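**Student:** got a sequence here, can you build the structure:
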Amino acid sequence: MKDVVGKLQTSGVIDRGWLGVQVRRTTDEQAAAVSIEKGTGLFVVSTVDGAPAAGAGLMPGDVIAMLNGKVVRDMTAFVWEIANLPSNSQVTLDVARKNERKDIKVTLGHMPDTATSSTSSQGTTPADKGPTCLRYVPSVGMTVAVACDE
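**Tutor:** You can find the predicted model right below:
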């Protein structure tokens, strides 16, 4: 909260970094398939057309293993870390794609002003064949996927 108040006092606006990606926690099977530690990483469900993630080459099915050299262990922490960076910040994502690891550098965009309400949708991802609820979190400019209650 102090950061938000400080930013408002200094510039009058909140500049939140935006990746433009929908992610969910990896399953143990997905982690094993790309040789990362169980309980780590985020599975990329989709990218927003024209968003920084898509422009940098992030693709659905990728697993984000690290952010700026730190292992991604928690989806909420990842979302907030991105959102707390200003737009035009560059981040490095260590991404597992199939059996290859690669660093993808992404210059964060500015969270779109159209991100003003919470939306939700339900779908099935091909990786786990289970229902996934997508929740847009406007305060951080990301959509996250969680298991749905059936």
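**Student:** okay, and the helix or strand of this protein with the least pLDDT?
**Tutor:** strand 120-124 (a mean of 36; mean pLDDT, DSSP states H and E).
**Student:** helix/strand/coil for Q22?
**Tutor:** Three-state call for Q22 (DSSP: H, G, I helix; E, B strand; the rest coil): strand.
**Student:** distance check, it against I104.
**Tutor:** Look at Q22 and I104: by C-beta to C-beta, to the nearest Å, they are 16 Å apart. To be clear about C-beta, it is placed using only N, CA and C from the backbone, and glycine gets the same treatment.
**Student:** neighbour count: these two, which is higher?
**Tutor:** The neighbour count for Q22 versus I104, taken as other C-beta atoms under 10 Å, is higher for Q22 (25 against 17).
**Student:** any idea what the more buried one is bridged to?
**Tutor:** On the basis of DSSP bridges, Q22 is bridged to S46, T143.
**Student:** same question, V91
**Tutor:** Legend: beta-bridge partners of V91 under DSSP bridges are V106.
**Student:** show me where this protein has helices.
**Tutor:** Assigned by DSSP state H, the helices in the chain fall at 2-11, 28-33, 52-56, 75-83.
**Student:** got the CA coordinates for the shortest one in CSV?
**Tutor:** This points to helix 52-56. In CSV, the C-alpha atoms belonging to helix 52-56 read as follows (Å, rounded to 0.1, in the frame of the first residue of the first chain):
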residue,chain,number,x,y,z
PRO,A,52,4.6,-8.0,-24.7
ALA,A,53,4.6,-11.8,-23.9
ALA,A,54,3.4,-12.7,-27.4
GLY,A,55,5.8,-10.2,-29.1
ALA,A,56,8.8,-11.7,-27.2
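**Student:** list the buried residues for that helix?
**Tutor:** Under the neighbour-count criterion of 16 or more other C-beta atoms under 10 Å, helix 52-56 has P52, A53, A54, A56 buried.
**Student:** same deal with stretch 85-103?
**Tutor:** Neighbour-count burial for stretch 85-103 flags L85, V91, L93, D94, V95, A96, R97 (criterion: 16+ other C-beta under 10 Å).
**Student:** stretch 43-51 now?
**Tutor:** For stretch 43-51, using 16+ other C-beta under 10 Å, the buried residues are F43, V44, V45, S46, T47, V48, A51.
**Student:** cool, and stretch 32-40?
**Tutor:** Buried residues in stretch 32-40 (16+ other C-beta under 10 Å): V34, I36, T40.
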